[in-house]
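Okay, structure incoming, though there's no sequence with it:
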C-alpha cells in the first residue's frame, strides 16, 4: 500500500443537517467527528466520495 499515492482527508464541518447520503459518505470515508483524519489510498472511488462531500472535508497529500 505504500507504493500507491495516499490522501489525508479531514472532516472540517459537522455533517449534522446535511443529506443522509452525504452523512453516509462521510462515514464511508472513515470520519467520525470534526477534525478526525484518515489516510486513504488515492483511487477513483475515494476521489468521487471526496468530491461528493467536498464542502465538509479538506484534503492534503499524506
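Everything's here; your move. As the structure is a prediction and not an experimental result, all values here were calculated from the model.

which outside residues touch stretch 54-62?
Contacts of stretch 54-62 with the rest of the structure, by CB atoms under 8 Å, 6 or more residues apart in numbering, involve 5-15, 18, 22, 26, 29, 31, 39, 50. Where C-beta positions appear, they are placed from N, C-alpha and C, glycine not excepted.

again, only using 10 Å
For stretch 54-62, the external contacting residues (CB atoms under 10 Å, 6 or more residues apart in numbering) are 5-15, 18, 22-23, 25-26, 29, 31, 34, 37-42, 46-47, 49-51.

Any chance of a ChimeraX selection covering the buried ones in the residues you listed?
Buried residues within the contacts of stretch 54-62, by 16 or more other CB atoms under 10 Å, are selected in ChimeraX with:
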select :7,9,11,15,22,23,25,26,29,31,38,40,46,49,50
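
Next step: the contacts of stretch 54-62 restricted to strands.
Per DSSP state E, strands hold the following members of the contacts of stretch 54-62: 6-11, 37-41.

Now compare the residues you listed and name the two farthest from each other.
Farthest pair in those (CB to CB) is 11 and 41. Separation: 18.2 Å.

how much space between residue 28 and residue 3?
From residue 28 over to residue 3 the distance is 24 Å, taken as CB to CB, to the nearest Å.
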